[in-house]
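In: coordinates only, no sequence provided:
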């Protein structure tokens, strides 16, 4: 399955924030990459460039490639409601993202690997598709034989926060996707309206 495998710090520096989680290398150089440093960058960007940057940031944050991201946007635009908010809700409802949010993995990349290696079940059935879209009421759990994995136990121990749309049981290593989150509950700093404007051209 295709996914971005390149350097994470370079991407974070491009957007000016650590979109993959804490990165000590990003903390040292919080300016855009390039041999001339921060002083030679264009100070003004076109409207298109700003919109494109926001779309790229969302793509990298959730670990999607262009075609997959576009399909998600098309799906969001076909539903009733605010397209930008629905887009983020669909991204949050992905299985790999939910595994990460529940604290069963330290990052979305790691969550994707956990799902692909068949360590996760949805409603008691093994699902190894990271893009699997959850619905309210779905129960996500770590497989019984995978509960002893150090990767999972370490992630649960290091989890920093919980989310209102997820109900998690650390003892049993399972959780329920209660509902689609409201926009103000999603912590990512993404201006989804710029993405909608970009695709509407």
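Out: Received, thanks. Since the model is a prediction, treat every value here as computed from it, not as a measurement.
In: walk me through the domains of this structure.
Out: The chain breaks down into these domains under automatic domain parsing: 8-90+189-199, 94-179.
In: pick the most buried one from the ones you listed.
Out: Among those, domain 94-179 has the highest mean neighbour count (mean count of other CB atoms under 10 Å), at a mean of 17. Quick note: C-beta positions are derived from backbone N, CA and C, even for glycine.
In: what's the span of that domain, first residue to last?
Out: End-to-end distance of domain 94-179 (CA to CA, to the nearest Å): 13 Å.
In: so how far is it off the chain centroid?
Out: 13 Å (CA atoms, centre = their mean, to the nearest Å).
In: then stretch 168-180?
Out: 18 Å.
In: any idea of the mean pLDDT in that stretch?
Out: In this model, stretch 168-180 has an average pLDDT of 97.
In: contacts for it?
Out: For stretch 168-180, contacts defined as CB atoms under 8 Å, 6 or more residues apart in numbering pick out 89, 92-93, 98, 102-104, 134-142, 147, 152, 156, 162, 164-167.
In: confidence-wise, which of the domains of the chain is weakest overall?
Out: Across these, the lowest-scoring stretch is domain 8-90+189-199, with a mean of 81.
In: which elements pack onto the longest helix anywhere in the chain?
Out: In the chain, taking DSSP state H as the definition, the longest helix is helix 47-62. Helix 47-62 sits against helix 8-15, helix 66-77, helix 192-199, with contacts defined as 3 or more CB pairs under 8 Å, 6 or more residues apart in numbering; DSSP states H and E.
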